[in-house]
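> pasting the structure only:
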């Protein structure tokens, strides 16, 4: 952009070589002024200047040019304005009126411009426009700074950039036009054909379309939004990277990812997240959260999700199910999730675990779980005391409303459960409750009567009170008593209703159910099928010579109280989304 401006030596001397068509030089010796009054055309250190008139003031070494000022530099740079003043002592030139600076590619238009030849800095403060004359590229701002030597612009206040491919609005912008790169500072919006971007700081290359967005950065596309502290975007290579607090939401699949590092490759159709990585699946009645050290998601050529992998430290949470494991895979078309290396799944009061597990789900509702190797299912029926248990080599558990209803065990099947006995009795409502409520009713009625009398006394005093302060005090006391009276009136109404209900119910019989554990059943068989209701065993089918025994509660053999590989892990059960990352903070 140095071509836009006069060099320091242009105005450092008196006029140079006069060109044909220029008027004669007039010298006013008394005032020390050199004048070209009727057309000024001259060459000065290789730069040609045209104007209607020009003056050189010896005392302050100032040149003034008026009317149709045109400066053509030796490198084919053209500068136009209505008038110009150059102060050689300070090296500052001021241009006024329809200022234009043109080189082979860019044109600057503004109403006034200051240029410091020593600092090689130009400034406009009343609005300016930069246009690329070879293609559509326009940049406007209220204030502009120019550094021709480094070929750099710096714009402030209401900065707008527009080309065929891009629109940008920001508060402050540095533009290195040789590199086609802009650096922005402050809230910035960038709009391209494929994305809407926002950030508070960063850079963007107009030629390569690659950019770096920082501080509250976001990239919004047709089917997803990417947010993070820092984002790198390269649409031509279909790459995006995010750093710190990255959040990626895929609208078409109702799924989101988060983590402190993310890489998205749209050409290879994959996403990779790590460092507090989380998968979030939005479902009809619930939201499923899956955490792992690393999460990998693969889409097909139609950009539909194929499968998701989670590596190391897997934790799962929703309001209906929870789980942990070392690693995970989910295949959308198959509709199941596989957990590896000692996974555990919790649903209501049940805990299932094994060497590996496959869980079939539909909208956060578990329908079936298949468990291989050291498989166990444990239902806690009395906290920290008794557990209904089933285990073996392999297990298939069937769920209804996220509760185990049937468990089928194949190979080395074992079950231990505590059957219950229910007894019922029928009793009448307690007549003493009616008497107690009647006494309370009498007490509250007496209090209400007393309050009414106090309010009446205060009402009788008010007409005779002349002092305004005393009058206000009595009125406030009366209002307080009225509020208290209304409160007791409400209590009396509630007691009336309750007493009427108790009197009506005193003739009814109520059913009381008593549940008692009978003892402990222990059975071994090659294969077992167990039926559950709310965690209680309601039926058992054994195959191939079962071995069983029943112990009364007071004679339970402690050595047979638990199946093989029994262990409860309820303390490991995630209780919230925050629990998924609790060990990483």
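Right, received. Where do you want to start? Note that the structure is predicted; figures quoted are calculated from it, not measured.
> count of residues packed around residue 224?
Per other C-beta atoms under 10 Å, the neighbour tally for residue 224 reads 21. Any C-beta I mention is one placed from the backbone N, CA and C, and that applies to glycine too.
> spit out the contact partners of the nearest residue to it once chain neighbours are set aside.
Leaving out its chain neighbours, the residue that sits closest to residue 224 by C-beta to C-beta, 6 or more residues apart in numbering is residue 250, at 4.9 Å. Contacts for residue 250 (C-beta atoms under 8 Å, 6 or more residues apart in numbering) come out as 223, 224, 256, 257, 305.
> of those, which pair is most distant in space?
223 and 257 (13.7 Å; C-beta to C-beta).
> quick one, which of these two is more surrounded?
residue 257 (25 against 10).
> any idea what the more buried one is bridged to?
residue 248, residue 279 (DSSP bridges).
> was I right to think it contacts residue 297?
Yes: between residue 257 and residue 297 there is a contact under C-beta atoms under 8 Å: 7.0 Å.
> overlap of the contact sets of those two?
Common neighbours of residue 257 and residue 297 (C-beta under 8 Å, 6+ apart) are 271, 279.
> quick one: low-confidence ranges for the stretch 251-400 of the chain?
Scanning the stretch 251-400 of the chain with the threshold set as pLDDT under 70 gives 363-364.
> quick one, strands of it?
Along the stretch 251-400 of the chain, the stretches classed as strands by DSSP state E, counting those that start in this stretch are 255-265, 270-282, 287-299, 305-317, 321-331, 336-340, 344-347, 350-353, 356-362, 365-382, 386-400.
> let's have the ones you listed in CSV, adding distance to residue 144.
Shown next, in CSV, are the strands of the stretch 251-400 of the chain (distance: least, C-beta to C-beta, whole Å):
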stretch, distance to residue 144
strand 255-265, 37
strand 270-282, 41
strand 287-299, 45
strand 305-317, 48
strand 321-331, 54
strand 336-340, 58
strand 344-347, 63
strand 350-353, 68
strand 356-362, 59
strand 365-382, 62
strand 386-400, 68
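> deepest in the core, which of those is it.
Counting by mean count of other C-beta atoms under 10 Å, strand 350-353 has the highest mean neighbour count of the strands of the stretch 251-400 of the chain, with a mean of 25.
> quick one: residues in contact with that strand.
With C-beta under 8 Å, 6+ apart, strand 350-353 has contacts from 342-346, 369, 371, 374-380, 395, 397, 403-404, 535, 568-570, 573.
> can you rerun that using 7 Å?
342-345, 369, 371, 376-379, 397, 404, 535, 568-570 (C-beta atoms under 7 Å, 6 or more residues apart in numbering).
> now that strand: how far from the chain's centre is it?
33 Å (C-alpha atoms, centre = their mean, to the nearest Å).
> okay, now the sheet partners of it, with direction.
strand 344-347 (antiparallel), strand 365-382 (antiparallel).
> surely residue 155 touches residue 170?
No: Residue 155 is beyond contact range of residue 170, at 8.4 Å (criterion: C-beta atoms under 7 Å).
> not counting residues beside it along the chain, what's closest to residue 240?
Nearest one to residue 240, counting by C-beta to C-beta, 6+ apart, is residue 264 at 4.5 Å.
> ok so, going back, between the contacts of residue 250, which is closest to residue 280?
residue 256 (4.1 Å).
> report the separation between that closest one and residue 67.
Residue 256 sits 66 Å away from residue 67, going by C-beta to C-beta, to the nearest Å.
> residue 50 too?
Residue 50 sits 10 Å away from residue 67, taking C-beta to C-beta as the criterion.
> again with residue 335
82 Å.
> which of these two has more neighbours?
The neighbour comparison of residue 335 against residue 67 (other C-beta under 10 Å) goes to residue 67, with 14 against 11.
> what sits against that one?
Residues in contact with residue 67 (C-beta under 7 Å, 6+ apart) are 51, 52, 53.
> the second one and residue 69 touch, don't they?
Which is residue 52. No: assessed by C-beta under 7 Å, residue 52 is found out of contact with residue 69, at 8.2 Å.
> hmm, which helix or strand of the protein has the shakiest average pLDDT?
Lowest by mean pLDDT, DSSP states H and E among the helices and strands of the chain is strand 509-517, with a mean of 64.
> tell me which helix or strand comes right after that one.
Later in the chain than strand 509-517, the nearest helix or strand by DSSP states H and E is strand 519-533.
> centre of the chain to the helix or strand just after that following strand, how far?
As assigned by DSSP H and E, the chain's next helix or strand after strand 519-533 is strand 536-543. Remark: strand 536-543 is offset 49 Å from the chain centroid, using C-alpha atoms, centre = their mean.
> now do strand 536-543: which elements does it pack against?
In terms of contacts (3 or more C-beta pairs under 7 Å, 6 or more residues apart in numbering; DSSP states H and E), strand 536-543 is packed against strand 519-533.
> can you list the strands that the strand it packs on pairs with?
Partners of strand 519-533, by DSSP bridges, with direction: strand 403-417 (antiparallel), strand 536-543 (antiparallel), strand 547-552 (antiparallel).
> any idea which of the ones you listed is most buried?
strand 403-417 comes out most buried of the strands paired with strand 519-533 by mean count of other C-beta under 10 Å, with a mean of 21.
> if we can go back for a sec, which of the strands paired with strand 519-533 has the lowest average pLDDT?
With a mean of 84, strand 536-543 has the lowest mean pLDDT of those.
> nearest residue to the middle of this protein?
Nearest to the geometric centre of the chain sits residue 247, at 5.7 Å (C-alpha atoms, centre = their mean).
> I'd say that residue and residue 255 touch.
No: here residue 247 lies out of contact with residue 255, judged by C-beta under 7 Å, at a distance of 12.0 Å.
> would you agree residue 71 is in contact with residue 84?
No: assessed by C-beta under 7 Å, residue 71 is found out of contact with residue 84, at 8.1 Å.
> more neighbours: the two, which one.
residue 84 (26 against 23).
> nearest residue to the more buried one in space, please, no chain neighbours.
residue 65 (4.4 Å).
> would you map the strands across the stretch 1-150 of the chain?
Using DSSP E, counting those that start in this stretch, strands in the stretch 1-150 of the chain cover 17-18, 26-28, 33-36, 40-44, 47-51, 53-57, 62-72, 78-87, 92-102, 106-116, 121-124, 128-132, 137-141, 143-147.
> strands paired with the last one, and their directions?
Strand pairing for strand 143-147, determined by DSSP bridges: strand 121-124 (antiparallel), strand 152-163 (antiparallel).
> for residue 241, which of the ones you listed is the nearest?
Nearest to residue 241, of all the strands paired with strand 143-147, is strand 152-163, at 24.1 Å by C-beta to C-beta.
> now the closest one: mean pLDDT?
92.
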